[in-house]
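**Q** sequence first, predicted model second:
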Amino acid sequence: MEVVSLLAELRYCLRHRWARSGLIAAAIGIAALTGVTALWWPAHSEQNALEQQISAKRRALARAQQSDELARVYQRAQKDVASLEGKLRHGATQAQLVQSFARLARKHGVRIVSETYEEGRNAAAQATLSAELAVQAPYPALRDFLREVATLPTWSEVHEARIESAQDKALQKGRIRIVTYRLKSA
């Protein structure tokens, strides 16, 4: 019954000229909107599909770059571990360390004023030999000396470096503590 009364009211409204014009305009608008949507929808879907493909390729490229970087880091770490194991097996004596430090100091123009050595007494996996060097040189020479400690055939690390100006402003005085790791003797 409601449908019949709704149709009757619609027929009554369509008698008015503005109502008919509005209904025709709405029908034209709906048809135009349907036509535009029919043209737009496939292009929109294609664009979304292309964007998803681009995103997938970007993710794949990023994963490939990350895996390449991880492989390079792993290879570098493998080389570094082999190098450290070789340095650890080197097992330099105190006399050899004195010679190595003196050679490195001469190379960079650093003067070793005094040096003290102390055997490590800890229960760590590696035995250590600590060297404390009092040095004197221009700052660039000290910097290069400190940088090249890692190139020695032993596993030696600079644990502490205190550098201060000497009376001669061109020279710097420094106290450097270098720890050398060695395999623990069984």
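**A** Noted; the coordinates are in hand.
**Q** okay, now the domains of the protein?
**A** Annotated domains of the chain cover 1-90, 91-183 [automatic domain parsing].
**Q** deepest of those domains, which one?
**A** domain 91-183 (a mean of 15; mean count of other CB atoms under 10 Å). Where C-beta positions appear, they are placed from N, C-alpha and C, glycine not excepted.
**Q** now it: average pLDDT?
**A** For domain 91-183, mean pLDDT is 83.
**Q** over to stretch 76-85?
**A** 86.
**Q** same question for stretch 5-25.
**A** 83.
**Q** so what's the gap between it and the chain middle?
**A** 71 Å (CA atoms, centre = their mean, to the nearest Å).
**Q** got it, and stretch 99-117?
**A** Worked out by CA atoms, centre = their mean, stretch 99-117 lies 36 Å from the chain centre.
**Q** can you offset everything so residue one is 34?
**A** Yep, numbering from 34; the last one is stretch 132-150 now.
**Q** what's the first-to-last distance across it?
**A** 13 Å (CA to CA, to the nearest Å).
**Q** got a list of contacts for that stretch?
**A** 125, 127, 130-131, 162-171, 174-175, 177-178, 181-182, 185-187, 206, 211 (CB atoms under 8 Å, 6 or more residues apart in numbering).
**Q** the same query, at a cut-off of 6 Å, please.
**A** For stretch 132-150, contacts defined as CB atoms under 6 Å, 6 or more residues apart in numbering pick out 127, 164-170, 174, 177-178, 181, 185.
**Q** gap between Arg92 and Leu175?
**A** 49 Å (CB to CB, to the nearest Å).
**Q** Pro173 sits in which helix or strand?
**A** Per DSSP states H and E, Pro173 falls inside helix 172-181.
**Q** now for the longest helix that the chain contains, which elements pack on it?
**A** Assignment by DSSP state H gives helix 50-123 as the longest helix of the chain. The contact analysis (3 or more CB pairs under 6 Å, 6 or more residues apart in numbering; DSSP states H and E) places helix 50-123 against strand 188-198.
**Q** what's the spacing between the strand it packs on and its chain's center?
**A** With CA atoms, centre = their mean, you get 27 Å for strand 188-198.
**Q** partner strands of that strand, with direction?
**A** strand 205-216 (antiparallel) (DSSP bridges).
**Q** quick one: work out the angle between the partner strand and helix 172-181.
**A** 10 degrees (axes from the mean of the first three to the mean of the last three CA atoms, to 10 degrees).
**Q** and strand 205-216, how far from the chain's centre?
**A** 29 Å.
**Q** cool, and stretch 146-166?
**A** On CA atoms, centre = their mean, the centre of stretch 146-166 falls 34 Å from that of its chain.
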